[in-house]
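Asks: any chance you could fold what I've pasted below:
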Amino acid sequence: MALILIADDSPTEVYVLKKILEQHEHQVIIAEDGEQAIELANTKHPALILMDVVMPKLNGFQATRRLSKDPVTSEIPIVIVSSKNQETDRLWGLRQGAKGYLSKPVTEEQLISEINTLLGF
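Replies: Here you go, the predicted model:
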């Protein structure tokens with residue numbers, strides 16, 4: 001259905017998200033940090049990005065801000081998927097350009113509903 005970039009440095013979290021997405025017939029590419037997420041977004045042009053916040057090199061807030069301000073990637077919806085679950089974190093993520101914010105652990109229903117809404121499925 002869609003190419004989705006998962007940006008997360010946790011192999012367990014990547015496995016869980018990837019499994020859910022593949023069950024719903026999405027293609028998945030993986031970035032292990034914010035810098036790699038920006039690079040893959042620019043070269044692969046995914047339909048949507050699932051962005052963790054706490055990552056090495058460039059955190060998810062920084063990567064989201066850069067992607068949302070870059071004309072090449074600004075149209076790609078970003079959903080932050082993070083264990084940082086305070087309302088201030090959610091608001092900050094949205095101010096950086098994210099279109100959605102889900103708290104870990106995310107359920108399959110939450111994830112697919114958010115993706116379908118943003119991609120118009």
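
Asks: mind listing the strands for the chain?
Replies: 3-7, 27-31, 48-51, 78-82, 100-103 (DSSP state E).

Asks: so for the third one, mean pLDDT?
Replies: Confidence over strand 48-51, taken as the mean pLDDT, stands at 98.

Asks: quick check: end-to-end length of stretch 98-109?
Replies: End-to-end distance for stretch 98-109: 19 Å, by CA to CA, to the nearest Å.

Asks: check contacts around the most centrally placed residue in the chain.
Replies: With distances taken as CA atoms, centre = their mean, Leu50 lies nearest the centre of the chain, 1.4 Å away. Contacts for Leu50 (CB atoms under 8 Å, 6 or more residues apart in numbering) come out as 4-8, 17, 79, 81, 111. Where C-beta positions appear, they are placed from N, C-alpha and C, glycine not excepted.

Asks: list the contacts of stretch 109-121.
Replies: With CB under 8 Å, 6+ apart as the test, stretch 109-121 has contacts from 1-2, 4, 17, 20-21, 24, 26, 47-48, 50, 77, 79, 81, 99-100, 102.

Asks: list buried residues within the residues you listed.
Replies: Buried residues within those, counting neighbours by 16 or more other CB atoms under 10 Å: 2, 4, 17, 20-21, 26, 47-48, 50, 77, 79, 81, 99-100, 102.

Asks: now for those: which two are most distant?
Replies: Using CB to CB, the buried ones among the contacts of stretch 109-121 span at most 18.6 Å, a distance reached by Ile20 and Lys99.

Asks: still on that earlier bit, and the strands of the chain as a markdown table, adding distance to Trp92?
Replies: Shown next, in a markdown table, are the strands of the chain (distance: least, CB to CB, whole Å):
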| stretch | distance to Trp92 |
| --- | --- |
| strand 3-7 | 17 |
| strand 27-31 | 21 |
| strand 48-51 | 13 |
| strand 78-82 | 9 |
| strand 100-103 | 9 |
